[in-house]
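Asks: Here is a sequence together with a model predicted from it:
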Amino acid sequence: MIRTMLKTVIPKSVRVATRVVSAVAIALACASAHTVEAEDGATRRSDDRIDLWALTAAPPLGLPAVDGPSPARAAIDLGRRLFFDRRLSFNGTLSCAMCHVPEQGFTQHDVATPVGFGGASVRRNAPSLYNVAYRPRLFHDGREGSLALQVWSPLLAANEMANPSIGYVVERIASLPDYAGTFERAFGAPPDVVNVGSAIAAYERALLSGDSPFDRWYFAGDAAAVTASARRGFELFVSSGCAACHRVGPERALFTDDGYHDTGIGYDRALRPQSVSRVQLAPGVTVVLASAAPVPTSSDVGRYEITQDPADRWRYRTPSLRNVALTAPYMHDGSLATLADVVDFYARGGVAHDGLDPLIRPLKLTSRDEADLVAFLESLTGSNVAALTADARSVPIGDP
Ligand code: HEC
Ligand code: HEC
């Protein structure tokens, strides 16, 4: 499967090189060696065939070109190591990959919102990092514009990786013997505030995933790539207005408008009048209070926190829907567990209140329509997700 993908998206010269590397890898594997030494000194497992650098140079079917120059291979390899390194958190317990788990769609399935430093809960759902290269703004509220700068938010947040300062992190990395020479090879300089971010961003930019059954049908004309149910689901996706926000272009699709909208999820969490509220007095001891007034259960007001414009209250960034079948639970607070729940939520018209986006309104969908919409969403899983996961685990995790 991976080889077929390489054939369709990667220029011939690269393919030939890949084939040579695979041949060497197979030879080494036969000689019972499990690793290959790449030209930049990085070690890869021999069964690891995806080339992240080639992927950024030629993204899979359905995806646009990535802006900006392709990062060096050495930068991608270094970023991958940092991404998995638990020593980057203050007490050495948390890596980026523990909230953005490769086997779980680069997000976390078990919990609606991940648990960070010392058991502290993070207030929002961890977005998947597939195709994050295309996001002009990062986070559910769009508060960051650069992947290389974004890394400092989790590294320094008290409830995430909890480091005391930027300098602390840079000095720590510089002191780890297994990183000796790696920054010099990738960036020609020792670790600093800029290149730590650039390395992690280089790896994240390469997590491109397309060439899904939908892409092969819609963009490459292979009618057999998707089921009749998924095709019907796509028609409903367009006719129900979903594509107004989750956009599909004539030659490629990111399934987002990169805008911010109020679907009612944030309002629901914060202010929907609750008839009863449960108050925990001590572990295991709760009392139920009947209350007439709304009880706010969340202080999250979305995009408003960044713009202070009241119109932005409870607006969140439109997520891409690529690989969405792999990235449950859904919405900024992880409050919807399955794709069927999400479709059902839209069918009911979101949560009605002042400020609800006018495009969100009750839809007349039969249960077959809802199943078809889910089948369409499930057809958006890229062909290389297993290869990206294998690649992620191809280097030793940076535990001491
Ligand atoms: C404790 C869990 C946790 C850890 C550890 C963590 N993240 Fe995240 N990450 C999140 C959550 C939650 C969000 C969304 C926060 C928000 O929108 O306010 C997020 C958002 C992001 C985004 C924005 C994605 C988008 O689509 O906008 C990127 C990129 C990212 N994280 C990368 C990283 C990197 C790199 C590291 C390690 C340096 C890291 N994360 C560590 C939980 C975590
Ligand atoms: C007005 C713009 C808009 C329309 C119309 C819209 N969406 Fe969304 N969609 C969003 C936003 C914004 C979110 C994120 C909400 C949040 O994080 O709380 C979202 C989230 C989702 C998610 C969850 C993705 C994830 O990773 O959490 C799915 C699935 C989805 N939409 C599918 C659909 C379908 C199917 C339709 C049509 C029935 C639709 N959307 C219509 C804006 C829209």
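Replies: Done, it's in. Ligands and ions are numbered 1, 2, ... in the order given.

Asks: which parts of the stretch 251-400 of the chain sit against ligand 2?
Replies: Applying CB under 6 Å from any ligand atom, we find that the stretch 251-400 of the chain lies next to ligand 2 at 261, 263, 265, 316, 318-319, 321, 324, 327, 330-332, 339, 342-343, 346, 357, 359-360, 373, 377. Bear in mind the C-beta positions are built from the backbone N, C-alpha and C, glycine included.

Asks: now, which of those lie within helices?
Replies: Those of these mapping onto helices are 265, 339, 342, 343, 346, 373, 377, per DSSP state H.

Asks: does whichever residue of the stretch 201-350 of the chain sits closest to ligand 1 count as helix, strand or coil?
Replies: Proximity of the stretch 201-350 of the chain to ligand 1 (CB to the nearest ligand atom) peaks at residue 204, 5.8 Å away. Following DSSP: H, G, I helix; E, B strand; the rest coil, the label given to residue 204 is helix.

Asks: list the contacts for it?
Replies: 79, 83, 129, 132, 133, 147 (CB atoms under 8 Å, 6 or more residues apart in numbering).

Asks: For the first one, the count of nearby residues, please.
Replies: As a burial measure, residue 79 scores 27 neighbours (other CB atoms under 10 Å).

Asks: got it, and the third one?
Replies: Neighbour count of residue 129, defined by other CB under 10 Å: 24.

Asks: got the contact list for it?
Replies: Shown in contact with residue 129 (CB under 8 Å, 6+ apart): 100, 106, 107, 204, 207.

Asks: Out of those, list just those in helices.
Replies: Residues of those located in helices (DSSP H): residue 204.

Asks: And the furthest pair within the contacts of residue 129?
Replies: 107 and 204 (13.3 Å; CB to CB).

Asks: so residue 71 sits right up against residue 198, yeah?
Replies: Yes. Contact criterion CB atoms under 8 Å: residue 71 and residue 198 qualify, at 7.3 Å.

Asks: Compute the first-to-last residue distance for stretch 336-354.
Replies: 22 Å (CA to CA, to the nearest Å).

Asks: Next: stretch 145-152.
Replies: One end of stretch 145-152 to the other measures 13 Å (CA to CA).

Asks: what about that stretch, near ligand 1?
Replies: Yes. Using CB under 6 Å from any ligand atom, stretch 145-152 reaches ligand 1 at 147, 150, 151.

Asks: just those residues now: which is nearest residue 94?
Replies: Residue 94 has its nearest neighbour among those in residue 151, at 13.4 Å by CB to CB.

Asks: wait, doesn't that closest one sit right on residue 197?
Replies: Yes. Using CB under 8 Å, residue 151 makes contact with residue 197 at a distance of 4.7 Å.

Asks: okay, the two: which has more neighbours?
Replies: residue 151 (26 against 21).

Asks: What residues does this structure have near ligand 1?
Replies: 94, 96, 98-100, 114, 116, 122, 124, 126-127, 129, 132, 135, 138-140, 147, 150-151, 154-155, 160-161, 200, 204.

Asks: Mind checking which of the residues you listed are in helices?
Replies: Reading helices off those with DSSP H, I get 147, 150, 154, 155, 200, 204.

Asks: what's the burial count for residue 299?
Replies: Residue 299 has 9 neighbours, counted by other CB under 10 Å.

Asks: Which among the contacts of residue 129 count as buried?
Replies: Neighbour counting with 16 or more other CB atoms under 10 Å marks 100, 106, 107, 204, 207 as buried within the contacts of residue 129.

Asks: and which of those is nearest to ligand 2?
Replies: For the buried ones among the contacts of residue 129, the closest approach to ligand 2 (CB to the nearest ligand atom) belongs to residue 107, at 8.0 Å.

Asks: So the closest one is in contact with residue 330, correct?
Replies: No. Assessed by CB under 8 Å, residue 107 is found out of contact with residue 330, at 9.9 Å.
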